[in-house]
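Colleague: sharing a model prediction with you, sequence too.
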Amino acid sequence: MEFEIKATDPKSKARRGTITTDHGKIETPIFMPVGTAGSVKAVHQRELEVDIKAQIILGNTYHLYLRPGLDIIKQAGGLHKFNGWSKPILTDSGGYQVYSLANNRKIKEEGVTFRSHIDGSKQHFTPENVMDIQRVIGADIIMAFDECTPYPCEYDYAKKSMEMTHRWLKRCCDHFDATQPAYGYKQTLFPIVQGSVYKDLRVQSAEAIASQEREGNAIGGLSVGEPAEMMYEMTDLVCGVLPADKPRYLMGVGTPANILECIALGVDMFDCVMPTRNARNGMLFTSEGIINIKNEKWKDDFSAIDSNMPGYVDNFYSKAYLRHLIISKEILGAQIASIHNLSFYLWLVNEAKLKIEEGTFAEWKNVMVKKVANRL
């Protein structure tokens, strides 16, 4: 994997770059739609590529491991061939699922034992077998196995967890370097910074992660309930330590305003389930603010969902029609809303790229963060 910085903003830490993988280029800053089980919910791969203009999508190691299982994915020739997506894919390591299974798992130095949410069967993840699993899934970018600490958590717990994550990272790197990709194209391993909301731990973790000298780095353990200002403070701190010549990926973040603020701090890559999850519940993100399409006020509004947005969804369907579909629980409503929200997120980061190139990102961002957080 290669990363080239093409432009920087003079009044912020925002940068415009290009990541090159064996499945194509990724223009940063970028938002990555989440395809947990090999599918971005309610969205066809054609729509992802042509209408939404996604450049990379995510798969979830935990979910794909449990279903359909590694045998099926391997027989298919990897996730790209299984789901028909020819562009880059990133897989998480399952560390966040370990966090979310707090009542149904045991963490030890060797790894994590947990119960499947599907059938209750006992499963075991280690730094080594998580690398093997992601080799079989075949993502272009794979994540190191880590523990995501909850918020709030005690300092001692955060420190011990971070230190174990660092030991796990060494095992991940050793095993990754000792194995080969399964399908003939290169894969890249990203370490993950942890340390909760403690400044000294975040700096220590960022230094430890940077010392591994991998092709890119991730920031984890944020957007787990802490105040937004605290998330920005930790992100700014970590970006000041991680090498500037490698992409920085802020995991699981977030709202449109979160993304804009963190681009300004030097983050290059984002993912979040919010645009699709909220879409299915009738929440739409637009260039003028947030719409709850279930509200009565949209019942007879026949204007476009977002007149500033390109693409067939926003040029073809009205707010009134989409409200009717969502209220009626028609599947098409979830599909239209999901395509719109993802299109908006990709439009937003594309606009950020253009503003960085023009040298006007900081001023534009300050206007947009207020707009996109406004409730219409």
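Modeller: Happy to help now that I have it. Keep in mind the model is a prediction, meaning the values are calculated, not measured.
Colleague: give me the phi and psi for the residue lying closest to T36 once chain neighbours are set aside.
Modeller: Leaving aside its sequence neighbours, T36 sits nearest to N60 (CB to CB, 6 or more residues apart in numbering; 4.4 Å). Heads up, the C-betas are built off the backbone N, CA and C, glycines and all. As for N60, its main-chain torsions (degrees, to the nearest 10) stand at phi -110, psi 120.
Colleague: N60: what's it in contact with?
Modeller: Neighbouring residues of N60 by CB atoms under 8 Å, 6 or more residues apart in numbering: 34-37, 91-92, 94, 97.
Colleague: pull out the buried positions in stretch 223-233.
Modeller: 223-224, 226, 231-233 (16 or more other CB atoms under 10 Å).
Colleague: any weak-confidence spans in the protein?
Modeller: In the predicted model of the chain, residues 98-99, 102 satisfy pLDDT under 70.
Colleague: distance from the centroid: which residue in it tops it?
Modeller: Relative to the mean C-alpha coordinate of the chain, counting by CA atoms, centre = their mean, the farthest residue is D300 (35.5 Å).
Colleague: coming back round to it: most neighbours, which of the contacts of N60?
Modeller: Per-residue neighbour counts (other CB atoms under 10 Å) across the contacts of N60 peak at D92, which has 32 neighbours.
Colleague: and that one, what does it touch?
Modeller: 58, 60-62, 143, 251.
Colleague: follow-up on the earlier one: kindly reformat the buried residues of stretch 223-233 as a markdown table containing distance to N258.
Modeller: Output for the buried residues of stretch 223-233, formatted as a markdown table (distance: CB to CB, whole Å):
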| residue | distance to N258 |
| --- | --- |
| S223 | 7 |
| V224 | 13 |
| E226 | 12 |
| M231 | 7 |
| Y232 | 8 |
| E233 | 13 |
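Colleague: and those residues, which is closest to D174?
Modeller: Nearest to D174 among these: V224, at 28.5 Å, using CB to CB.
Colleague: my read: the closest one touches P152, true?
Modeller: No - V224 is beyond contact range of P152, at 9.7 Å (criterion: CB atoms under 8 Å).
Colleague: and L101, how many residues sit next to it?
Modeller: 16.
Colleague: distance check, it against A373.
Modeller: Separation of L101 from A373 (CB to CB, to the nearest Å) stands at 32 Å.
Colleague: kindly report the same for T179.
Modeller: 45 Å.
Colleague: cool, S205 as well?
Modeller: Taken as CB to CB, the span from S205 to A373 is 30 Å.
Colleague: ok, the two, which is more surrounded?
Modeller: In this view S205 and A373 are compared by other CB under 10 Å, and S205 has more residues nearby, 30 against 15.
Colleague: not counting its neighbours along the chain, what's nearest I26?
Modeller: Using CB to CB, 6+ apart and skipping residues adjacent in sequence, the residue nearest I26 is I19, 4.2 Å away.
Colleague: wait, doesn't the one you found sit right on F3?
Modeller: Yes - shown here, I19 and F3 form a contact pair, counting by CB under 8 Å, at 5.3 Å.
Colleague: for the residue nearest the centre of the chain, which non-adjacent residue is closest in space?
Modeller: For the chain, the residue nearest the mean C-alpha position is D271 (1.9 Å; CA atoms, centre = their mean). Nearest residue to D271, sequence neighbours excluded (CB to CB, 6+ apart): M32, at 4.3 Å.
Colleague: the one you found: neighbouring residues, count only.
Modeller: When neighbours are counted by other CB under 10 Å, M32 comes out with 24.
Colleague: and for I209?
Modeller: Neighbours of I209 (other CB under 10 Å): 26.
Colleague: just the element for it, please.
Modeller: Per DSSP states H and E: I209 is located in helix 199-210.
Colleague: neighbouring contacts of that helix?
Modeller: Contacts to helix 199-210, defined as CB under 8 Å, 6+ apart, come from residues 155, 158-159, 162, 165-166, 169, 191-196, 217, 233-234, 237-238, 241-243.
Colleague: and whichever helix in the chain runs longest, how far out from the chain middle?
Modeller: Ranked by number of residues, the top helix in the chain under DSSP state H is helix 331-358. Its chain's average C-alpha position is 14 Å from that of helix 331-358, according to CA atoms, centre = their mean, to the nearest Å.
Colleague: again, but for stretch 364-376
Modeller: Distance, centroid of stretch 364-376 to centroid of chain: 21 Å (CA atoms, centre = their mean).
Colleague: convert that stretch to CSV, retaining C-alpha atoms only.
Modeller: Extracted in CSV, the C-alpha atoms of stretch 364-376 (Å, rounded to 0.1, in the frame of the first residue of the first chain):
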residue,chain,number,x,y,z
TRP,A,364,-15.8,26.2,4.8
LYS,A,365,-15.7,23.7,7.7
ASN,A,366,-16.6,26.3,10.3
VAL,A,367,-19.8,27.1,8.3
MET,A,368,-20.7,23.5,7.5
VAL,A,369,-20.4,22.1,11.0
LYS,A,370,-23.2,24.4,12.1
LYS,A,371,-25.3,23.6,9.0
VAL,A,372,-25.1,19.8,9.2
ALA,A,373,-25.9,19.7,12.9
ASN,A,374,-29.0,21.9,12.5
ARG,A,375,-32.3,20.1,13.1
LEU,A,376,-34.7,21.1,10.2
